[in-house]
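Trainee: Next comes the sequence, and after it the predicted model I'd like to discuss.
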Amino acid sequence: MNGLSQTQQLWIEQLLNQRYWTLLEEVRDALEQSGQQQYSEIIGNAPADPGDAAMADALADLNVAMIDRQIHELRDIEAARQRMLDNSYGICIDCGNRIAFDRLTAYPAAVRCIHCQQLYEKTHAGEHTPSL
Ligand SMILES: [Zn+2]
């Protein structure tokens, strides 16, 4: 159990949904600005319940570099929704402890508790910078 009350869980679901639609708006704007509005129809045709849609996959197929960040975050949100469905949401994937509610409201797609996240960032820091 993640220790979240029903109310807390609903609150986080709302945060996830809001963030999800904000990201889709950003993607639509980016596509339209780049003259690829035919693709923005994919978003227009999205089902009303975003939980059922693999939107990130559909967008990734477009292969538009400037929406990479949004696609990445959409995937995180879809994964968070999936974890809610199978009751693993709010549990740290590294240590198995509960993730603090404060942290979840700040980062609803968080998969690690603050301690493991700091450890993770320390061990993975600079892995993309070339070492001379
Ligand atoms: Zn942890």
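Mentor: Alright, I've got the coordinates. Predicted model, so just to flag it, every value in this text is computed and none were measured.

Trainee: When you work out contacts or count neighbours from here on, use the C-alpha atoms and nothing else.
Mentor: Will do.

Trainee: tell me the contacts of the residue nearest to Leu104 when sequence neighbours are not counted?
Mentor: Nearest residue to Leu104 in three dimensions, chain neighbours excluded: Ala110, at 6.4 Å (C-alpha to C-alpha, 6 or more residues apart in numbering). Applying C-alpha atoms under 8 Å, 6 or more residues apart in numbering to Ala110 gives the contacts Ala80, Gly90, Arg103, Leu104.

Trainee: if you set the cut-off to 10 Å instead, what comes out?
Mentor: By C-alpha atoms under 10 Å, 6 or more residues apart in numbering, the contact list for Ala110 reads Asp76, Ile77, Ala80, Tyr89, Gly90, Ile91, Cys92, Ile93, Ile99, Arg103, Leu104, Gln117.

Trainee: Just give me the closest of the residues you listed to the ion.
Mentor: Nearest to the ion among the contacts of Ala110: Cys92, at 4.6 Å, using C-alpha to the ion.

Trainee: can you tell me how far the closest one sits from Gln18?
Mentor: In this view, Cys92 and Gln18 are 23 Å apart by C-alpha to C-alpha, to the nearest Å.

Trainee: More neighbours: these two, which one.
Mentor: Cys92 (21 against 11; other C-alpha atoms under 10 Å).

Trainee: Backbone dihedrals for the more buried one, both of them.
Mentor: phi -60, psi 130 (degrees, to the nearest 10).

Trainee: about what we covered before: make sure I have this right: the residue nearest to Leu104 is in a strand.
Mentor: No - counting by DSSP: H, G, I helix; E, B strand; the rest coil, Ala110 is not found in a strand; it is coil.

Trainee: Quick check: phi and psi on it?
Mentor: According to degrees, to the nearest 10, Ala110 has phi -60, psi 140.

Trainee: Distance-wise, check it relative to Asp61.
Mentor: 25 Å.

Trainee: picking up where we left off before, show the pLDDT at the residue nearest to Leu104.
Mentor: Looking at Ala110, its pLDDT reads 95.
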